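# requesting a structural model of the entry that follows:
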Amino acid sequence: MVNVSSLSSEDASVILELSDILDIVVAERLPKGHERKFCIQTAQGEKRLLRVNSTEHYDWLEGDFRMYEYVAASGINVMLPVVMGTFREGTLSYQIYTWFDGEDLAEALPRMSSEEQFLAGLKSGALMRRLHTLPPDHEPEPWGTRFGRKVQKIIQSYGKKRGKSQGVDLLVRYLQDHQELLVNRPQTFTHGDWNTENIMLSPDGQIGIVDLSGDKDCGDPWWEFWLIPHDLNSSPHFYTGQIQGYFGGKPPPEFFRMLSYYLAFATLEFLSDSTGEGDTENVKTTLEWFEDIRNPVPMWYFSQIE
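Below is the predicted model:
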């Protein structure tokens with residue numbers, strides 16, 4: 001009999017209903033993420049990840065499942081899909097994946113030395129580069145058209161905002177004056193949400209990825225770097241290592257031009273969607289990183305350890 005004493009009544013009801021289908025004996029609700037996830041153990045002693053969703057978009061969920069199969073088939077270290085199905089008279093779905101032992105880098109990095117962070121970054125960057133060798137599974141619209149449209153939309157959206165943050169005009173002008181950077185950019189399969197919460201570190205030091213975006217994501221592979229956080233003060237060595245791991249050494253100058261463009265866009269996008277007190281600070285940080293958008297190489301990048 002599965003033990004559900006630590007679960008809410010709704011979660012307990014779900015696990016009890018699934019226990020006969022999946023032979024669940026232990027279930028723990030995972031706190032991160034917007035969907036319902038559990039770490040389960042089966043009667044056979046297997047540890048698994050269980051995801052529970054509405055079947056309203058079941059076709060999308062099936063596509064998500066196949067996407068993991070596509071990535072895993074290339075030999076990339078990703079959680080493997082096991083089985084999926086429906087229950088509760090077809091209103092809910094379940095997806096079972098192999099469990100990735102370890103912890104995400106968001107938890108691990110603060111405990112690491114600078115050298116350990118850099119080495120973890122090298123591994124993360126090499127894995128990202130490997131993922132980007134996979135071609136898109138459909139013919140995408142040209143990147144310059146796709147992303148250029150996003151740039152104009154964000155500029156217009158921010159222009160309608162009442163409260164403006166100091167220094168944003170530099171970001172807007174940079175985005176408007178350098179759209180030629182987007183022309184003829186290659187497009188590959190991408191993760192879609194490459195951040196330290198989705199990069200796992202196993203006890204033996206291996207790096208793996210979880211939580212692919214689930215929308216058959218593709219685009220400029222260098223756009224994947226846009227999720228470098230404004231509060232990276234505790235881990236600049238990791239992000240330096242990630243860049244160098246991606247390129248196998250010194251990155252080309254055009255990479256930093258694209259990085260500064262994408263981070264300027266990300267900052268403006270955040271401002272357009274936010275009303276928080278940290279708006280001005282985010283702009284200030286981005287401008288400091290790139291010396292008021294005069295230097296495409298961010299100040300936190302340690303070029304001396306290439």
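
# let me see the contact set for the residue nearest to Arg257 when sequence neighbours are not counted.
Spatial nearest neighbour of Arg257, excluding adjacent residues (Cβ to Cβ, 6 or more residues apart in numbering): Pro296 at 4.8 Å. No exception for glycine: its C-beta is placed from N, CA and C like everyone else's. Residues in contact with Pro296 (Cβ atoms under 8 Å, 6 or more residues apart in numbering) are 253, 256-257, 259-260, 290.

# now Pro296, what are its backbone angles?
Torsion angles at Pro296 (phi, psi; degrees, to the nearest 10) stand at phi -70, psi -10.

# could you do the one 4 residues further on as well?
Backbone torsions for Trp300, taken as degrees, to the nearest 10, come to phi -80, psi -10.

# the nearest residue to it once chain neighbours are set aside - how many residues pack around it?
Among residues not flanking Trp300 along the chain, Pro236 sits closest, at 4.0 Å (Cβ to Cβ, 6+ apart). Residues lying near Pro236 (other Cβ atoms under 10 Å) number 19.

# partner residues bridging Ser54?
Leu92 (DSSP bridges).

# give me the pLDDT value at it.
At Ser54, the model reports a pLDDT of 94.

# correct me, but it touches Thr91?
Yes: between Ser54 and Thr91 there is a contact under Cβ atoms under 8 Å: 6.9 Å.

# looking at the two, which one has more neighbours?
Ser54 (13 against 10).

# which residues does that one contact?
Ser54 neighbours (Cβ under 8 Å, 6+ apart): 91-93.

# look up how far His178 lies from Leu67.
For residue 67 the amino acid is Met, not Leu. Look at Met67 and His178: by Cβ to Cβ, to the nearest Å, they are 33 Å apart.

# between those two, which has more neighbouring residues?
Met67 (20 against 17).

# domains in this protein, by residue range?
9-98, 103-305 (automatic domain parsing).

# which parts of the stretch 151-300 of the chain are helices?
Counting by DSSP state H, counting those that start in this stretch, the stretch 151-300 of the chain has helices at residues 168-177, 236-247, 253-273, 279-289.

# could you dump those helices to TSV with mean pLDDT and distance to Leu50?
TSV is the format used below for the helices of the stretch 151-300 of the chain (pLDDT from 0 to 100; distance: least, Cβ to Cβ, whole Å):
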stretch	mean pLDDT	distance to Leu50
helix 168-177	94	42
helix 236-247	96	30
helix 253-273	92	32
helix 279-289	87	36
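
# who's in contact with the residue lying closest to Leu105 once chain neighbours are set aside?
Leaving aside its chain neighbours, Leu105 sits nearest to Thr196 (4.0 Å; criterion: Cβ to Cβ, 6+ apart). Contacts for Thr196 (Cβ under 8 Å, 6+ apart) come out as 104-106, 109, 235, 238.

# and with 7 Å instead?
104-106, 109 (Cβ atoms under 7 Å, 6 or more residues apart in numbering).

# now for the residues you listed: which two are most distant?
Asp104 and Leu109 (9.3 Å; Cβ to Cβ).

# tabulate the CA atom coordinates of stretch 207-214 in PDB.
Extracted in PDB, the C-alpha atoms of stretch 207-214 (Å, rounded to 0.1, in the frame of the first residue of the first chain):
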ATOM      1  CA  ILE A 207      26.100  16.800 -16.300                       C
ATOM      2  CA  GLY A 208      22.600  16.200 -17.600                       C
ATOM      3  CA  ILE A 209      19.500  18.200 -18.700                       C
ATOM      4  CA  VAL A 210      15.900  18.100 -17.700                       C
ATOM      5  CA  ASP A 211      12.700  20.100 -18.600                       C
ATOM      6  CA  LEU A 212      13.100  20.600 -22.300                       C
ATOM      7  CA  SER A 213      10.800  23.500 -23.300                       C
ATOM      8  CA  GLY A 214       8.300  21.100 -24.900                       C
END
